[in-house]
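# Pasted the sequence and its predicted model underneath.
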Amino acid sequence: MTLLSLDRVVKRYWRGYREIVALDEVSLELERGDFVAVWGSSRSGKTTLLRVAAGIEAPDGGSVTFDGQELATLPRKHRARLLLEQIGCVWQAGRITHGLSVLDHVALPRLKHHSHTQARRDATEMLERVGARQCAQAHWYELSDGDRTRVAVAHALVRRPRLLLADEPTANLNMIEREQLVSLLRSVAEDAGVTVLMMAPDAPELLRSHRLMSLDHGRLIKPRSERRGELIDFPARGRGA
Amino acid sequence: MGGPDESTGDAMSMKYAVLGLLAQRRGYGYDLVQRFEEQIGSAWQLNAGAIYVALDKLEQEGLVRPVPNDDGAPSTRRRTVRGAPRVIYEATPNGLDRFEEWMSTRSTLAPLREELHLKLALSRPRNLERLIEVTYEQEQACLERLEQSLEPRPLEELLGGSESWPAIASVMVRDAEVAHLQATVQWLRRVREGIRTLQERPEGPSPQR
């Protein structure tokens, strides 16, 4: 079943007197458990694509549908709840909530429906999974870039989202750390059925995804089998059962 | 590269590839085709007939030979007749020596001959808009090829495990194509960026050389 669908999405910005087309009729369908990597250099439109997919920004044209609901038609409060409960985001310049330790920051999304103890337990478990357990009591300014990325991933995953949107999550990691992180993303897609949309610059980890696309000047370039419109999946190499 | 009587090129590479496969273990034509695909990958775009041509040449040069049948008589290769007895080949001692010699020689660097390079070099300003589209199409073709390399087990993981050298080597060969395709996509983006920059100039790209 399709979880996220973008249909001919257009997004424009004005830079001075110049109009920038950040997304140029982008269409994309993601199913449950899909792990899709979008490969693009800086200013190709990757972050805009994620912000529109998350419902943080409304498209200027086309539509974004999450679980059958068109995001633009939902009340703002409803969209905010989706972001808190069902959509996890990992941003490049992520911050943690002011004054909180890493553990409390990661526990935060769980507090709405769980006790403080349970939320902290879940947060500890997630920090362990992303390899950042040792950072639990640290504050933001004490973290290395790599740890900040791992904490951001833990914060996004702790809510057990149905959709994970990740903006260059491997950017500050070394080769082995990247491999570990992409393995984690792949396993949350395959084992937990989370749909993952990952933006990446140029790196071999792109090849660990189930599907690969490229974004340039707001144009999403897809392999021909996808361009025909129907979702033709590629040979299920490495996909979990 | 190779012996003094040899020409360079794909045919010669294929000859040594077949010799190398037979140096690993004996095999018959179709088996060699399958092992070639498995170890070298799809990027080579193997024409199966080339394997048989190479086998003929190797046999003529005494570098491989048919393994005798149980009755001791050498078998004749009859690959065109359905149901013909399968002929199994092995490398001769001479063949093994020649293969080792080839392994230690310097490898050639294939020339880069892409149709798009010609189009780019011979294009005129009025072609540029279409050229941008052509680069997108080329990028799409690269993605399609990359997609065939989507791999649940990357090299880093294999190196950390207990995989055999042939398994690791075949992933390294696959990575060569991946690296080439990634570099091509980056180059295509640079071309597009360059054309767009020229188009944004008030006077546009100059038609003069």
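Received the coordinates, thanks. Numbering: from 1, shown residues only, chains lettered A, B, ... in the order given.

# Show me the strands in the chain, by range?
Since no chain was named, I'll use chain A. A:2-15, A:18-31, A:35-39, A:61-66, A:69-70, A:87-90, A:163-167, A:195-200, A:211-216, A:219-221 (DSSP state E).

# try again with chain B
With strands called from DSSP E, chain B shows them at B:64-66, B:89-91.

# Would you mind saying which of these lies nearest residue B:26?
Checking the strands of chain B against residue B:26 by C-beta to C-beta gives strand B:89-91 as the closest, at 4.1 Å. For the C-beta atoms, the positions are set from N, CA and C on the backbone; glycine is no exception.

# Any chance you could list what contacts the closest one?
Surrounding strand B:89-91, the residues in contact under the criterion C-beta atoms under 8 Å, 6 or more residues apart in numbering or on different chains are B:19, B:22-23, B:26-28, B:55, B:59, B:63-67, B:99.

# Going by neighbour count, list what's buried in that strand.
B:89, B:91 (16 or more other C-beta atoms under 10 Å in any protein chain shown).

# cool, stretch A:97-112 as well?
By neighbour count with 16+ other C-beta under 10 Å, stretch A:97-112 contains the buried residues A:101-110.

# will you turn these into TSV that also has pLDDT and distance to residue A:150?
Conversion of those to TSV gives the following (pLDDT from 0 to 100; distance: C-beta to C-beta, whole Å):
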residue	pLDDT	distance to residue A:150
A:101	90	15
A:102	92	10
A:103	93	13
A:104	92	16
A:105	92	12
A:106	93	10
A:107	92	15
A:108	90	16
A:109	87	16
A:110	88	18
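
# Could you list which of those also contact chain B?
When these are checked against chain B using C-beta under 8 Å from any C-beta of the partner chain, none falls in range.

# Could you tell me which of those belong to helices?
Those of these mapping onto helices are A:102-107, per DSSP state H.

# would you turn the strands of chain A into a markdown table with mean neighbour count and distance to residue B:195?
Written out in a markdown table, the entries for the strands of chain A read as follows (neighbours: other C-beta atoms under 10 Å in any protein chain shown; distance: least, C-beta to C-beta, whole Å):
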| stretch | mean neighbour count | distance to residue B:195 |
| --- | --- | --- |
| strand A:2-15 | 17 | 20 |
| strand A:18-31 | 18 | 17 |
| strand A:35-39 | 24 | 20 |
| strand A:61-66 | 18 | 26 |
| strand A:69-70 | 14 | 37 |
| strand A:87-90 | 24 | 34 |
| strand A:163-167 | 24 | 28 |
| strand A:195-200 | 25 | 25 |
| strand A:211-216 | 23 | 13 |
| strand A:219-221 | 21 | 15 |
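
# Tell me which of these lies nearest to residue B:178.
Checked against C-beta to C-beta, the stretch from these lying closest is strand A:211-216, at 10.8 Å.

# Relative to that closest one, what are the paired strands and their orientations?
Strand pairing for strand A:211-216, determined by DSSP bridges: strand A:35-39 (parallel), strand A:219-221 (antiparallel).

# mean confidence score for that strand?
With pLDDT averaged residue by residue, strand A:211-216 scores 92.

# Between strand A:195-200 and that strand, find me the angle.
Taking axes from the mean of the first three to the mean of the last three C-alpha atoms, to 10 degrees, strand A:211-216 and strand A:195-200 form an angle of 40 degrees between their directions.

# can you give me the helices for chain B?
Counting by DSSP H, the segments of chain B that form helices are B:10-24, B:29-40, B:48-60, B:93-103, B:115-122, B:128-147, B:155-160, B:165-200.
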